[in-house]
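Novice: sequence and predicted structure are below.
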Amino acid sequence: MTSVQIIFTILMLIASLALIVSVLLQKGDAEGISALTGGGSSNSFFGKNKSKTIEGKLALLTKASATAFVVLGLILIFV
């Protein structure tokens with residue numbers, strides 16, 4: 001294993017741990033099936049400013065760590 005592979009493997013381990021933690025810290029969808037029909041509180045104050053809440057930041061962390069996980073996985077295939 002070369003040093004480049006070791007570095008990317010360590011980065012992938014960090015991304016996977018961040019992905020696991022961010023998914024486990026998120027709350028479940030309390031609206032259930034009503035979210036599919038358009039019901040819910042998307043027009044409330046918290047719905048409009050969702051990106052500034054803890055849940056919004058966790059969702060952003062989940063997206064970023066999932067993207068990093070996939071990209072690092074593809075890099076490790078070709079290295």
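Specialist: Noted; the coordinates are in hand. Because the structure is a prediction, the values reported are computed rather than measured.
Novice: after the lowest-mean-pLDDT helix or strand in the chain comes which helix or strand?
Specialist: Ranking every helix and strand in the chain by mean pLDDT, DSSP states H and E puts helix 45-48 at the bottom, with a mean of 59. Downstream of helix 45-48, the next assigned helix or strand under DSSP states H and E is helix 54-78.
Novice: quick one: the host helix or strand of Ile10 to helix 54-78, angle?
Specialist: Here Ile10, judged by DSSP H and E, is contained in helix 3-25. On the basis of axes from the mean of the first three to the mean of the last three Cα atoms, to 10 degrees, helix 3-25 is oriented at 150 degrees to helix 54-78.
Novice: can I have helix 3-25 written out in PDB, keeping just the CAs?
Specialist: C-alpha atoms of helix 3-25 as PDB (Å, rounded to 0.1, in the frame of the first residue of the first chain):
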ATOM      1  CA  SER A   3       1.400   6.500   1.100                       C
ATOM      2  CA  VAL A   4      -1.300   8.000  -1.200                       C
ATOM      3  CA  GLN A   5      -3.600   5.000  -0.700                       C
ATOM      4  CA  ILE A   6      -3.100   5.300   3.100                       C
ATOM      5  CA  ILE A   7      -4.000   9.000   3.100                       C
ATOM      6  CA  PHE A   8      -7.100   8.400   1.000                       C
ATOM      7  CA  THR A   9      -8.100   5.400   3.200                       C
ATOM      8  CA  ILE A  10      -7.800   7.600   6.400                       C
ATOM      9  CA  LEU A  11      -9.900  10.300   4.700                       C
ATOM     10  CA  MET A  12     -12.500   7.700   3.700                       C
ATOM     11  CA  LEU A  13     -12.600   6.500   7.300                       C
ATOM     12  CA  ILE A  14     -13.200  10.000   8.600                       C
ATOM     13  CA  ALA A  15     -15.900  10.600   6.000                       C
ATOM     14  CA  SER A  16     -17.600   7.300   6.800                       C
ATOM     15  CA  LEU A  17     -17.600   8.100  10.600                       C
ATOM     16  CA  ALA A  18     -18.900  11.600   9.900                       C
ATOM     17  CA  LEU A  19     -21.700  10.100   7.800                       C
ATOM     18  CA  ILE A  20     -22.600   7.500  10.400                       C
ATOM     19  CA  VAL A  21     -22.700  10.100  13.200                       C
ATOM     20  CA  SER A  22     -24.700  12.700  11.200                       C
ATOM     21  CA  VAL A  23     -27.300  10.100  10.200                       C
ATOM     22  CA  LEU A  24     -27.700   8.800  13.700                       C
ATOM     23  CA  LEU A  25     -28.100  12.300  15.200                       C
END
